[in-house]
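K.L.:
predicted model, plus sequence, below.
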Protein chains: 2
Amino acid sequence: MAIQYKKVSDAVIKRLPRYFRYLAELKEANVQRISSGVLSEKMGLTASQIRQDFSCFGGFGQQGYGYNVESLHSELKKILGVDKGFNTIIIGAGNLGQAIANHSKFEKRGYFLKGIFDLDAKIIGKKINGLEIMNMDSLPDFLRKEKVDIAIITVPREVTAEVADLAASLGIKGIWNFSAMDIKVPDDVVVENVHLSDSIMVLGYRIKNN
Amino acid sequence: MAIQYKKVSDAVIKRLPRYFRYLAELKEANVQRISSGVLSEKMGLTASQIRQDFSCFGGFGQQGYGYNVESLHSELKKILGVDKGFNTIIIGAGNLGQAIANHSKFEKRGYFLKGIFDLDAKIIGKKINGLEIMNMDSLPDFLRKEKVDIAIITVPREVTAEVADLAASLGIKGIWNFSAMDIKVPDDVVVENVHLSDSIMVLGYRIKNN
DNA sequence: TAGATTGTTAATCGATTAACAATC
DNA sequence: TAGATTGTTAATCGATTAACAATC
């Protein structure tokens, strides 16, 4: 029942947002309770795995009943940190950076955009989703004043390493990296890579071999 | 030495684009050969794993020498299908769809954008990266004429299932899904999900627990 | 040749699945 | 109460790592 006795494995962590999504859907559909068996069919997992996964964080269910959708959803919210939320900035206001800035869904999930930065004088000052694109020069000052958890990096490949180092040195806790390049930063900064071209290449491979 | 005796595991497949990226970098830096040991240090894997991975596709190396960068790169190119390439369309020309359309990197990796489709009359006809946004109505005709392998789906959540079914019924071989929703299509269509909000939530979890 | 490094077999480790007592 | 379903322990499966003979 306590919180996290042993290290939760990567495989489990990656399934958490998916559970969270399905629970949100069930909640929206006014489903009150769900068993691991029924959820497993919906999600294409085994019931066993679902119970194992949840048991990493303590028991949320009840024998003979299953899981209360509302309360399981809210537990996941806490586990994922969505309840307290995270502050973010975007570095690199190109097409992708702007698309992410406009993606209001993230705010709903507890990721609040606090600033957008770029080097290009032509777009500095332009407003995206209510925020003015700022000059990269003002980033250090900005981060000294504002509490920002996550830097979303959408800059060209050539400057990725430099920007990541800068963000890390300014106290950012996590980097969401969209560059087709692996980032190396100290252990106190967490990196999550998106690597879109890796993803489409996996798709290509699978098409070829399907 | 033959091609693929047994099914290659998911874990291996997901590492392939990463190998491909590192080999491209080495090639660019004019490195002629590399051993699994040196590559493993660069990539943060074990040398054993690298040799195991490559051996799924036949032996590309030479005892006492290692791997020839150029030829290993070109083998990976073939394995991933990048040599022959894939034709793609984008369905949903919102912020994200347009950002992907403008991302010229994909063309370099063998993913050729052939059309962009949307429902919104206000943007139909607008040119993105040299291609006019077309009306969704013209999609069936378009797919009958053009050989398209991949549909990149960047539509709002509510219409994702419908659009995916349509694409599948029109002979698309693979779907690259950016919607925060799992897609169900017949087995002859491959789906690769990006799920950006899942990804940022994993980052949030890791920050909280780092 | 001697040294280096592969491809592969065997050993280990970790994740998933199965089974079941506990209990709502 | 009887039936359902959990949380957890044990069994299985698969992926990673280690070891080494083969050989360039």
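P.N.:
Perfect, thanks for sending it.
K.L.:
which intervals of chain A have sub-threshold pLDDT?
P.N.:
A:1-6 (pLDDT under 70).
K.L.:
for it, list the residue farthest from the centre, please.
P.N.:
Of all residues in chain A, A:Gly64 has its C-alpha farthest from the mean position, at 34.1 Å, by Cα atoms, centre = their mean.
K.L.:
using the three-state scheme, assign it.
P.N.:
Using DSSP: H, G, I helix; E, B strand; the rest coil, the structure places A:Gly64 in coil.
K.L.:
now do it against DNA strand D, distance only.
P.N.:
If you measure A:Gly64 against DNA strand D using Cβ to the nearest atom of the strand, to the nearest Å, the figure is 3 Å. In short, each C-beta sits where N, CA and C put it, glycine included.
K.L.:
quick one, phi/psi of that residue?
P.N.:
When quoted as degrees, to the nearest 10, the phi and psi of A:Gly64 stand at phi 80, psi -10.
K.L.:
tell me if I'm right that A:Phe117 and A:Gly94 touch.
P.N.:
No - here A:Phe117 lies out of contact with A:Gly94, judged by Cβ atoms under 8 Å, at a distance of 11.7 Å.
K.L.:
more neighbours: which of those two?
P.N.:
A:Phe117 (23 against 18; other Cβ atoms under 10 Å in any protein chain shown).
K.L.:
domain ranges for chain A, per the record?
P.N.:
A:10-80, A:86-199 (automatic domain parsing).
K.L.:
any chance of CSV for those, columns distance to B:Phe86?
P.N.:
Listed next are those as CSV, based on distance: least, Cβ to Cβ, whole Å:
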stretch, distance to B:Phe86
domain A:10-80, 26
domain A:86-199, 12
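K.L.:
grab the longest strand from chain A for me.
P.N.:
If you go by DSSP state E, chain A has its longest strand at strand A:111-118.
K.L.:
from the chain's centroid, how far away is the helix or strand just after that one?
P.N.:
Remark: after strand A:111-118, the chain's next helix or strand is strand A:127-128, criterion DSSP states H and E. With Cα atoms, centre = their mean, to the nearest Å as the basis, the distance from the averaged C-alpha position of strand A:127-128 to the chain average is 22 Å.
K.L.:
pairing partners for strand A:127-128, with directions?
P.N.:
Partner strands and pairing direction for strand A:127-128 (DSSP bridges) are strand A:131-135 (antiparallel).
K.L.:
would you mark the buried spots in the partner strand?
P.N.:
For strand A:131-135, a neighbour-count test (16 or more other Cβ atoms under 10 Å in any protein chain shown) marks A:Leu131, A:Ile133, A:Met134 as buried.
K.L.:
and the helix or strand following that strand with chain B, contact?
P.N.:
Per DSSP H and E, the first helix or strand lying C-terminal to strand A:131-135 is helix A:139-145. No - Helix A:139-145 is not in contact with chain B by Cβ under 8 Å from any Cβ of the partner chain; minimum separation 15.5 Å.
K.L.:
which stretches in chain A count as strands?
P.N.:
Under the criterion DSSP E, chain A contains strands at A:33-34, A:61-62, A:66-68, A:86-91, A:111-118, A:127-128, A:131-135, A:150-153, A:174-177, A:190-193.
K.L.:
what angle do the fifth one and strand A:86-91 make?
P.N.:
By that I understand strand A:111-118. 20 degrees (axes from the mean of the first three to the mean of the last three Cα atoms, to 10 degrees).
K.L.:
okay, strand A:111-118 in PDB with CA atoms only?
P.N.:
Included here for strand A:111-118 are C-alpha records, laid out as PDB according to Å, rounded to 0.1, in the frame of the first residue of the first chain:
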ATOM      1  CA  TYR A 111       1.800  21.100 -19.100                       C
ATOM      2  CA  PHE A 112       1.800  24.800 -19.100                       C
ATOM      3  CA  LEU A 113       3.700  26.800 -21.700                       C
ATOM      4  CA  LYS A 114       5.500  29.800 -20.200                       C
ATOM      5  CA  GLY A 115       7.700  31.000 -23.000                       C
ATOM      6  CA  ILE A 116       8.900  30.500 -26.600                       C
ATOM      7  CA  PHE A 117      12.400  31.300 -27.700                       C
ATOM      8  CA  ASP A 118      14.200  31.600 -31.000                       C
END
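K.L.:
residues in contact with it?
P.N.:
With contacts defined as Cβ atoms under 8 Å, 6 or more residues apart in numbering or on different chains, strand A:111-118 is touched by A:85-94, A:97, A:101, A:106-107, A:124, A:128-129, A:131-136, A:138-139, A:142, A:146, A:148, A:150, B:200, B:204.
K.L.:
from those residues, list the buried ones, please.
P.N.:
A:86, A:88-94, A:97, A:101, A:106, A:124, A:128, A:131, A:133-134, A:136, A:139, A:142, A:148, A:150, B:200, B:204.
K.L.:
is the longest helix seen in chain A positioned near DNA strand D?
P.N.:
Longest helix in chain A, counting residues (DSSP state H): helix A:10-28. No - for helix A:10-28 and DNA strand D, the contact criterion (Cβ under 7 Å from any atom of the strand) is not met; the two come no nearer than 9.8 Å.
K.L.:
kindly export that helix (C-alpha atoms) in CSV.
P.N.:
What follows is the C-alpha trace of helix A:10-28 in CSV, where atoms were taken according to Å, rounded to 0.1, in the frame of the first residue of the first chain:
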residue,chain,number,x,y,z
ASP,A,10,10.6,1.3,-18.0
ALA,A,11,8.1,-0.9,-19.6
VAL,A,12,5.6,-0.1,-16.8
ILE,A,13,6.2,3.6,-16.9
LYS,A,14,5.6,3.7,-20.7
ARG,A,15,2.2,2.1,-20.2
LEU,A,16,1.0,4.6,-17.6
PRO,A,17,-0.1,7.4,-19.9
ARG,A,18,-2.0,4.8,-21.9
TYR,A,19,-3.9,3.7,-18.8
PHE,A,20,-4.5,7.3,-18.0
ARG,A,21,-6.1,7.9,-21.4
TYR,A,22,-8.3,4.8,-21.2
LEU,A,23,-9.4,5.7,-17.7
ALA,A,24,-10.3,9.3,-18.9
GLU,A,25,-12.4,7.8,-21.7
LEU,A,26,-14.2,5.5,-19.3
LYS,A,27,-14.8,8.4,-16.9
GLU,A,28,-16.2,10.5,-19.7
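K.L.:
please name every helix or strand in contact with that helix.
P.N.:
The helices and strands touching helix A:10-28, judged by 3 or more Cβ pairs under 8 Å, 6 or more residues apart in numbering or on different chains; DSSP states H and E, are helix A:36-43, helix A:47-55, helix A:69-80, helix B:196-208.
K.L.:
alright, calling it a day.
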